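K.L.:
What follows is a predicted structure for the sequence shown.
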Amino acid sequence: MEIKDLKFDENGLIPAIVVDAGSKKVLTLAYMNAESLRISIEKKLTCFWSRSRHELWLKGATSGNYQHIESITADCDGDALLIKVKKDGPACHLGTDSCFENRIFGGPEADEDFSVDALYKLLVGRKSEPKEGSYTSYLFEKGVDKMLKKVGEESTEVIIAGKADDKPETIYEIADLMYHVMVLMVEMGITPDEILKELASRHVIDKKVKQEKMT
């Protein structure tokens, strides 16, 4: 879909829902016109139209909290946008992670769906602020040797479960392994994004090899 195919309202605006590409958390709802959308695509940074100031607004231009665009998708009617970003700082001008912080209905358990990024942030929190009785805090207290030992043990458990062709048990053991690997990642300062970039680079190389074979 091209910009000309979108359905802007009578003021030439279209709502843009901004979502964190990692955590999938909704960050803000803003508005774009055709020009701000073109700028966003060109710079790969969110640029909106301020309805109060009546001017273009490049998110982060004054605060440094830029939003780097991963993708822009239109809804089925072409009258709303979904923008996935990686952000440099808080999305809200009040300094909060998201503009949607004022609860009207639902308990804390309804706040966020589980994600790898959410788990990573939790582990980082357990390292910076140890919690009594927490197994994760215990691992950070014992250090990298204990973590490596657990990664080895859980790898063996995955092999045993897989060899037995026990799918439920294999899933359980892989989850254990992934958890301990992520604890090790936090200890070493390795982020999920760095792992994904490494995998993505291998994907690109693999595609190039396949293309070369075809030619």
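P.N.:
Yep, that arrived. Numbers count the residues shown, from 1 in each chain.

K.L.:
C-alpha only now, for contacts and for neighbours.
P.N.:
Will do.

K.L.:
where are the low-confidence patches of the protein?
P.N.:
Residue ranges of the chain with pLDDT under 70: 106-114, 204-215.

K.L.:
all helices of it, in order?
P.N.:
34-43, 116-128, 135-142, 144-163, 167-188, 192-214 (DSSP state H).

K.L.:
Throw these into TSV and include distance to Lys7 and mean neighbour count, thanks.
P.N.:
Shown next, in TSV, are those (distance: least, C-alpha to C-alpha, whole Å; neighbours: other C-alpha atoms under 10 Å):
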stretch	distance to Lys7	mean neighbour count
helix 34-43	10	16
helix 116-128	34	16
helix 135-142	50	16
helix 144-163	51	16
helix 167-188	44	18
helix 192-214	34	11
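
K.L.:
right, and the ones you listed - which one's nearest Leu27?
P.N.:
helix 116-128 (14.8 Å; C-alpha to C-alpha).

K.L.:
ok, Ala16 - contacts?
P.N.:
If you count contacts by C-alpha atoms under 8 Å, 6 or more residues apart in numbering, Ala16 has them with 29-32, 80-83.

K.L.:
now with 6 Å?
P.N.:
By C-alpha atoms under 6 Å, 6 or more residues apart in numbering, the contact set of Ala16 is 29-31, 81-82.

K.L.:
mind putting the helices of the chain in TSV, distance to Ile69 included?
P.N.:
Formatted as TSV, the helices of the chain follow (distance: least, C-alpha to C-alpha, whole Å):
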stretch	distance to Ile69
helix 34-43	8
helix 116-128	18
helix 135-142	33
helix 144-163	35
helix 167-188	26
helix 192-214	15
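
K.L.:
before we move on, back to that, give me the subset of the contacts of Ala16 lying in strands.
P.N.:
Counted as lying in strands by DSSP state E, out of the contacts of Ala16, are 29-31, 81-82.

K.L.:
which of those are buried?
P.N.:
Buried residues within those, counting neighbours by 16 or more other C-alpha atoms under 10 Å: 29-31, 81-82.

K.L.:
Break the chain down into its structural domains.
P.N.:
The record assigns the chain these domain ranges, following automatic domain parsing: 3-87, 114-214.

K.L.:
okay if I get the contacts of Ala16 as a markdown table plus distance to Gly89?
P.N.:
Listed next are the contacts of Ala16 as a markdown table, based on distance: C-alpha to C-alpha, whole Å:
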| residue | distance to Gly89 |
| --- | --- |
| Leu29 | 16 |
| Ala30 | 17 |
| Tyr31 | 20 |
| Leu81 | 22 |
| Leu82 | 19 |
